[in-house]
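A.B. asks: build me a model:
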Amino acid sequence: VTSTNPDVLLALGKEELQKVRNYLQMVLSTVQEKNKKLEEDLKREEQWHEEQEQILDALARIEEKRKIQVEQLPKRREFCDLNNEVLKLKVYKEELLNALSKFLEEHYPLPERSGSDRKMANSSKEPAVKLVTLLEVLEILINKLMITPHEPYVTINDSFWPPYIELLLRCGIALRHPEDPNRIRLEAFHM
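C.D. replies: Below you'll find the model as predicted:
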């Protein structure tokens, strides 16, 4: 029911304008508060940016000093010394790999087929899968870890002898993929 009385209409209009005014004042205070927070965030970000630029400048100065120091070092002698150290490390690495290979061949040989297995293999038309040695399994795992450290898992196929895989898993040398039990990776001992 709407009244045609101008005093009533004026009072209703004033009341409605007061509600709108209160609502707009509330919105204004909210926006001002957000603006204040954004200004504080901007000041913090600008300060952080300045600090990062100062750090970059300091690092650039340090890098220049290092370059000058490197140029002043007696290059020839130290280079020869480093070369000799690298060669010694390569020889030592080869010795370790040879010792590991001999140890694994002696203590972890591939399983030999029994007479009945040979007869069955000869009678079947499919060639039997050639099993890889424990050393080859370790080489595959190491190479995968070094070449693709972001995806070090190797899929276990029929050429991997299951007891070797179990040995690696039980000794903590290899780990199974959390979602795919047919994939393993070398434990990252170097990290």
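A.B. asks: tell me the first helix or strand C-terminal of the lowest-mean-pLDDT helix or strand in the chain.
C.D. replies: Of the helices and strands making up the chain, the lowest-confidence element is helix 115-123, at a mean of 49, by mean pLDDT, DSSP states H and E. Elements were assigned by DSSP states H and E; along the chain past helix 115-123, the next helix or strand is helix 134-147.
A.B. asks: what is the three-state secondary structure of the spatially most central residue of the chain?
C.D. replies: The residue at the geometric middle of the chain, judged as the C-alpha nearest the mean C-alpha position with Cα atoms, centre = their mean, is His150 (5.3 Å). Using DSSP: H, G, I helix; E, B strand; the rest coil, the secondary structure recorded for His150 is coil.
A.B. asks: from here on, count from 20
C.D. replies: Fine by me, first position is 20 from now on; the one you just mentioned is His169.
A.B. asks: need phi/psi at it.
C.D. replies: phi -80, psi -20 (degrees, to the nearest 10).
A.B. asks: again with the one 3 residues further on
C.D. replies: Dihedral angles of Tyr172 (phi, psi; degrees, to the nearest 10) stand at phi -80, psi 140.
A.B. asks: any idea of the mean pLDDT in the lengthiest helix in the chain?
C.D. replies: Among all segments of the chain classified by DSSP state H, the helix with the greatest residue count is helix 25-91. Rounded to a whole number, the mean pLDDT of helix 25-91 is 93.
A.B. asks: what separates it from the chain centre, distance-wise?
C.D. replies: A distance of 35 Å separates the centroid of the chain from that of helix 25-91, by Cα atoms, centre = their mean, to the nearest Å.
A.B. asks: tell me which helix or strand comes right after it.
C.D. replies: helix 94-126.
A.B. asks: enumerate the positions of that following helix that are buried.
C.D. replies: Leu123 (16 or more other Cβ atoms under 10 Å). From N, CA and C alone the C-beta is placed, and that goes for glycine too.
A.B. asks: report the angle between that helix and helix 153-166.
C.D. replies: Going by axes from the mean of the first three to the mean of the last three Cα atoms, to 10 degrees, helix 94-126 is angled at 140 degrees with respect to helix 153-166.
A.B. asks: which strands and helices lie in contact with helix 94-126?
C.D. replies: Packing partners of helix 94-126 (3 or more Cβ pairs under 8 Å, 6 or more residues apart in numbering; DSSP states H and E): helix 153-166.
A.B. asks: alright, calling it a day.
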